[in-house]
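>>> quick one: sequence plus predicted model below, questions after.
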Amino acid sequence: SQTIHQWPATLVQPVGSPLSLECTVEGTSNPNLYWYRQAAGRGLQLLFYSVGIGQISSEVPQNLSASRPQDRQFILSSKKLLLSDSGFYLCATGPGGSYNEQFFGPGTRLTVL
Amino acid sequence: SQQGEEDPQALSIQEGENATMNCSYKTSINNLQWYRQNSGRGLVHLILIRSNEREKHSGRLRVTLDTSKKSSSLLITASRAADTASYFCATSYGKLTFGQGTILTVHP
């Protein structure tokens, strides 16, 4: 079975500082990888998805970027954080094609002050 | 815009009662999925129902899908305090689009 690791679990950062959140996946090969953001009490917003190394698709224009340097590693970054970047960031993986279920990591709680 | 809209936004029941949550969507789907999220945790997949299916069961969960009305419902029978969580529907058509969720509280 696959396992998704995310770190850090929680993060408090000042406005204007950089960001790097990491997601790694075990137990699967060549997965589709996803980054979601969840605002408090809200549903999930898809930020980025990747079907392979170096292949990133952005769903919404924003202050964030994503990279996939290895098959099972997905990184979410920002050069300068905004207050509106606060939220719960979830990494997810799914088999080729997004028709099937997705498996989620434990999430990173980001607070920008 | 969000595809799935859950109703109600919050539901509070006693242990042993049934809980019903509804989801409406706007466009075509390949399948519809339900997820559960405990507070501060990641989402856990519960059940997937394909667009050509009308009903599906998994343990105490029963999901129905009415594509003519573009709606789905999740029924949890004989609820337990451990069922307390947020429940999300997600529609799949090229990608997954999540609704805003229903917060379920089951009182012991």
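Thanks, I have it. Bear in mind the structure is a predicted one, so any value in this text is a computation, not a measurement. Numbering: from 1, shown residues only, chains lettered A, B, ... in the order given.
>>> and chain B, which residues reach chain A?
B:2, B:4, B:30-31, B:33, B:35, B:40-45, B:48, B:88, B:92, B:94-101 (C-beta under 8 Å from any C-beta of the partner chain). From N, CA and C alone the C-beta is placed, and that goes for glycine too.
>>> any quick PyMOL command for the buried ones out of those residues?
Buried residues among these (16 or more other C-beta atoms under 10 Å in any protein chain shown), as a PyMOL selection:
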select buried, chain B and resi 2+4+30+31+33+35+41+42+43+45+48+88+92+95+96+97+98+99+100+101
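>>> ok, B:A78 to B:I49 distance?
From B:A78 over to B:I49 the distance is 21 Å, taken as C-beta to C-beta, to the nearest Å.
>>> now swap in A:R37 and tell me
26 Å.
>>> where along chain A do the helices fall?
Using DSSP state H, chain A contains no helices.
>>> and whichever residue of it sits closest to chain B, how many residues sit next to it?
Here the residue of chain A nearest chain B is A:F104; by C-beta to the nearest C-beta that distance is 3.6 Å. Using other C-beta atoms under 10 Å in any protein chain shown, A:F104 has 23 neighbouring residues.
>>> ok so, going back, the more surrounded of B:A78 and B:I49?
It is B:I49, of B:A78 and B:I49, that has more neighbours when counted by other C-beta under 10 Å, with 19 against 11.
>>> that one bridge partners, please.
Applying DSSP bridges to B:I49 yields these beta-bridge partners: B:L32.
>>> quick one, what contacts it?
B:N31, B:L32, B:Q33, B:E55, B:K56, B:V63, B:T64, B:L65, B:S72 (C-beta atoms under 8 Å, 6 or more residues apart in numbering or on different chains).
>>> name the helix or strand for B:V63, please.
Assignment of secondary structure by DSSP states H and E places B:V63 within strand B:61-66.
>>> so what strands line up beside the following helix or strand past that strand?
Next helix or strand after strand B:61-66 toward the C-terminus (DSSP H and E): strand B:71-76. Neighbouring strands of strand B:71-76 in its sheet, by DSSP bridges, are strand B:19-24 (antiparallel), strand B:61-66 (antiparallel).
>>> ok, residues contacting strand B:71-76?
For strand B:71-76, the surrounding residues in contact (C-beta under 8 Å, 6+ apart) are B:18-25, B:32, B:34, B:46-47, B:49, B:60-66, B:83, B:87, B:89, B:104.
>>> are any of those buried, and if so which?
B:19-21, B:23-25, B:32, B:34, B:46-47, B:49, B:61-65, B:83, B:87, B:89, B:104.
>>> list the contacts of the residue of chain B found nearest chain A.
Chain A sits closest to B:G42 of chain B, with a gap of 3.6 Å, by C-beta to the nearest C-beta. B:G42 makes contact with A:I4, A:L90, A:A92, A:F104, A:G105, A:P106, A:G107 under the criterion C-beta under 8 Å, 6+ apart.
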